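Student: fold the following and give me the result.
(2 chains)
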Protein chains: 2
Amino acid sequence: MEIQVGIIGFGVVGRGVIALLQEYGNLLKKRIDVGIKIKTIADLNIKDNRGLDLTNIKLTTDYKEIINDDEIKIVVELVGGTTIAYNIIKEALEAKKNVVTANKALIYEKGEELFKLARDNKSEIRFEASVAGGIPIMKTITESLSGDVITEICAILNGTTNFILTKMEDENCSFDEALKEAQSLGFAEADPTLDITGGDAAHKIKVLSSIAFNTNIDKEKVYRKGIDKIQIEDISYAKDLGYTLKLLAIAKKHDDKKSVEAHVYPTLIPSKSSIASVKNEYNVVMLNSSYLGISHYVGKGAGERPTATAIVSDIVDISLAISDKREYPCHRYSSFNDYKTMDISEITSCFYIRLTTVEHVGILANITTILASHDISISQIMQKQSTDNNTVPVIIITHKASEKSMIDAIDEMQKLEYVQERPSLLHLENI
Amino acid sequence: MEIQVGIIGFGVVGRGVIALLQEYGNLLKKRIDVGIKIKTIADLNIKDNRGLDLTNIKLTTDYKEIINDDEIKIVVELVGGTTIAYNIIKEALEAKKNVVTANKALIYEKGEELFKLARDNKSEIRFEASVAGGIPIMKTITESLSGDVITEICAILNGTTNFILTKMEDENCSFDEALKEAQSLGFAEADPTLDITGGDAAHKIKVLSSIAFNTNIDKEKVYRKGIDKIQIEDISYAKDLGYTLKLLAIAKKHDDKKSVEAHVYPTLIPSKSSIASVKNEYNVVMLNSSYLGISHYVGKGAGERPTATAIVSDIVDISLAISDKREYPCHRYSSFNDYKTMDISEITSCFYIRLTTVEHVGILANITTILASHDISISQIMQKQSTDNNTVPVIIITHKASEKSMIDAIDEMQKLEYVQERPSLLHLENI
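Tutor: Numbering: from 1, shown residues only, chains lettered A, B, ... in the order given. A predicted model of the protein is given here:
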């Protein structure tokens, strides 16, 4: 048996998928006893063969040729974005075709609608590649942990920012220098805004947590803070204290409150933790679940070849289902929990604070009084020796406090006459 | 729809599976839209309910009641061992039932035969729990990487020995002391032989590598060396050099030679590597594959609850297949590569050597001459200060050398009059 596939969007990832299927197609057939044939590729700019032999593949600039082709059972959407891609997937599902996509932005925006559309049409939509690229995290959550209850996700979901933070820590360089290196090596795009502001990771943690917790997540409430304002001083001081800075995407389920939290911000974690050892462009997803306990999964989160493995694994699963005339169940993505998404102001964590002060009697007394008045207790405090320009850095690590009381405390500290600038504030998790 | 399941063997893991299905059965039904019902439990000693409510479950001492029950579609074998368990699985498959097992010893001994039997009977056999407990590694290899080619596996597959080695390194204690602590905490059995000699990990790497490389592995050639002879001195010296000792299970595919290597031995790895950060009873599997690159997966390798998640995920996959009237494919375990299993003497790695010598002129000249005569080149060499009893430890780290030439060189060194005892020899991998 041979399953016909249409690919819409012939960019870097499309090239990877076709290269993989050409290189290992025969091997794959031996493994699964079903052939997978790329029948048609659609792209507005289809002239370039991108170094591949496309002899037996139909090329077109009109994606509807794929949607309208009765022989094609699987449509792979690799156009990206949320406009044309949305139309493509909608039309494909309505034509009772199965869909594989790497489009995290679209699943973030329209996931629930598309899952329902797939269910209504007895089609399948798969998107393993959309979150953490090559890490098989959707399959792990929906299949391997199908009988377990995940309560927490803690992840590095953006390779660009992990690369930048690794450089800053290892080479003691500024954000701007590290970004430039990331761009020159191809780990950051020319316009890196979506990555460095935490937007990309926020999209991904919303998708992951809604699937893991079986609930819709209010995307407006997925708080995100990026790394573009991170100062190298804070990375250095934290390193001395045994902490490493990572852009963590965290989601937690609170069954008692029927609510979930999901957010992305730069977070200090113990340098000895497994997550801290995940460097450069690698991603990691750590899960805490009731029966399995802590488990974590590490791999490349992007790139032509890692992403291709995820897309091909989705194509294979659907192909096997088709070859068995199976009505593939979409139930694995159902949102039967109707949980509220918590506002960032309600969320608690530990914090790292760095104040730049001028030497003055009673600094520490003043600062600790402010923290106490907001019910924030201190875990560690250090007053460093005064620097060249007579400023004195004071570093405080707190116990758990709410985001709101912490911001209020920082506002008050900033008003003290001998505090020179807005204090640095970072989240801290003892994972 | 409801799928009826029979469980044979009501020990720790059986208890975990039943507890999980009782606790999360309703949730699972919401997720997959198929009910899973435990109809019968068989165990020779069935009197104890193990703290569970077994009211609606039939209890029997005769496993054939499960095999002969037409309503039961899935048989979960949790008896262990390779005799009765073999009969149970054979009879179940011949009765066209699907089988889920956690029995690594049996899959190690009879895997190929049972896979064929399943295929011939259009039944399924699943064994996610047999290797690395809660880590979904079988699914990752056979499904997520179905289109990719795995070339190397490097893993910690035995939690008992990882716990012991972690204790020895962190608390600077002897093997015997660490073993006693592992036993008192339930991380080692009363008779820990199979674990500490590397036998358990050898079983698992044989199963993993035969599936990952699509070839049979000659189990007689899976070399294993345990940790029971490890001296704390070597762990300490290695730590000073930036290395950590782990009992690594390694398998590599050599397409050029149409051969594979698979072996288990204590191995020094850089302390900064991700694998070194996997401590205590945790397992890890690192894969190197052509498209995805390096990825790794960490979780608990044993225990009632982690193992239960793996078994339930297998039950769920089969239940969904049955509910779709699907003939579930076994092709994912086919051994179409006919590769030779390499003998340990052919395998190369780097080595750590520690010699205990009495002070003597020309020691280093003698030793380095011996190594050179066996074509072994040196990466690092250190002569430590003489200890209380006038012995001088000499530590050498070599570049890659064959096992055979290394053993020959050690034999020669031992004959030198000022070498006091058999030199310590450990493998070393720069992962």
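Student: mind checking the backbone torsions on the nearest residue to residue A:216 once chain neighbours are set aside?
Tutor: When the adjacent residues along the chain are set aside, residue A:216 lies closest to residue A:335, with 4.9 Å between them (CB to CB, 6 or more residues apart in numbering or on different chains). Where C-beta positions appear, they are placed from N, C-alpha and C, glycine not excepted. Backbone torsions of residue A:335, given as degrees, to the nearest 10, read phi -110, psi 70.
Student: what's around the closest residue to residue A:126 other than its chain neighbours, how many residues?
Tutor: Nearest residue to residue A:126, sequence neighbours excluded (CB to CB, 6+ apart): residue A:314, at 3.8 Å. The local packing of residue A:314 (other CB atoms under 10 Å in any protein chain shown) involves 27 other residues.
Student: contacting residues for residue A:314?
Tutor: By CB atoms under 8 Å, 6 or more residues apart in numbering or on different chains, the contact list for residue A:314 reads A:100, A:126, A:127, A:128, A:129.
Student: just the residues you listed now: which is nearest chain B?
Tutor: Among those, residue A:128 lies closest to chain B (CB to the nearest CB), at 7.5 Å.
Student: confidence score at the residue nearest to that closest one when sequence neighbours are not counted?
Tutor: Excluding the flanking residues, the one nearest residue A:128 by CB to CB, 6+ apart is residue A:310, at 4.2 Å. Listed pLDDT for residue A:310 reads 96.
Student: now do the strands in the stretch 301-431 of chain A.
Tutor: A:340-341, A:348-358, A:378-383, A:391-398, A:401-402, A:424-428 (DSSP state E, counting those that start in this stretch).
Student: dump those strands into a markdown table; add mean pLDDT and distance to residue B:201 as well.
Tutor: Formatted as a markdown table, the strands of the stretch 301-431 of chain A follow (pLDDT from 0 to 100; distance: least, CB to CB, whole Å):
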| stretch | mean pLDDT | distance to residue B:201 |
| --- | --- | --- |
| strand A:340-341 | 96 | 44 |
| strand A:348-358 | 94 | 38 |
| strand A:378-383 | 91 | 40 |
| strand A:391-398 | 92 | 40 |
| strand A:401-402 | 96 | 45 |
| strand A:424-428 | 96 | 37 |
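Student: how about the residue nearest to residue A:128, what does it touch?
Tutor: The neighbourhood of residue A:310, defined by CB under 8 Å, 6+ apart, consists of A:102, A:128, A:129, A:133, A:134, A:136, B:144.
Student: from residue A:100, how far out is it?
Tutor: 9 Å (CB to CB, to the nearest Å).
Student: pull up the overlap in contacts between the two.
Tutor: When CB under 8 Å, 6+ apart defines a contact, the residues bordering residue A:310 and residue A:100 alike are residue A:129.
Student: sorry, back to before: wait, the residue nearest to residue A:216 sits on residue A:210?
Tutor: Yes - the pair residue A:335 / residue A:210 is scored as a contact, 6.6 Å apart, by CB atoms under 8 Å.
Student: need the overlap of contacts for those two.
Tutor: A:112, A:216.
Student: more crowded one of the two?
Tutor: Taking neighbours as other CB under 10 Å, residue A:335 and residue A:210 compare with residue A:210 leading, 27 against 17.
Student: what's the spacing between residue A:263 and residue A:211?
Tutor: From residue A:263 to residue A:211 the distance is 17 Å (CB to CB).
Student: so between the two, which is more surrounded?
Tutor: residue A:263 (27 against 24).
Student: for the more buried one, what are phi and psi?
Tutor: According to degrees, to the nearest 10, residue A:263 has phi -160, psi 160.
Student: tell me the contacts of the nearest residue to it once chain neighbours are set aside?
Tutor: Closest residue to residue A:263 apart from its sequence neighbours, by CB to CB, 6+ apart: residue A:223 at 4.0 Å. By CB under 8 Å, 6+ apart, the residues touching residue A:223 are A:202, A:263, A:264, A:265, A:344, A:347.
Student: measure how buried residue A:47 is and give me the count.
Tutor: Residue A:47, neighbours per other CB under 10 Å, totals 7.
Student: ok, residue A:171 next?
Tutor: Neighbour tally, residue A:171, other CB under 10 Å: 11.
Student: kindly report the same for residue A:104.
Tutor: Residues lying near residue A:104 (other CB under 10 Å) number 23.
Student: then the one 5 residues further on?
Tutor: The burial metric for residue A:109, expressed as a neighbour count using other CB under 10 Å, is 16.
Student: following element in sequence after the helix or strand containing it, please.
Tutor: Using DSSP states H and E, the element containing residue A:109 is helix A:104-120. Sequence order places strand A:125-126 as the next helix or strand after helix A:104-120, per DSSP H and E.
Student: got the end-to-end distance for stretch A:39-47?
Tutor: Between the opening and closing residues of stretch A:39-47 lies a distance of 17 Å (CA to CA, to the nearest Å).
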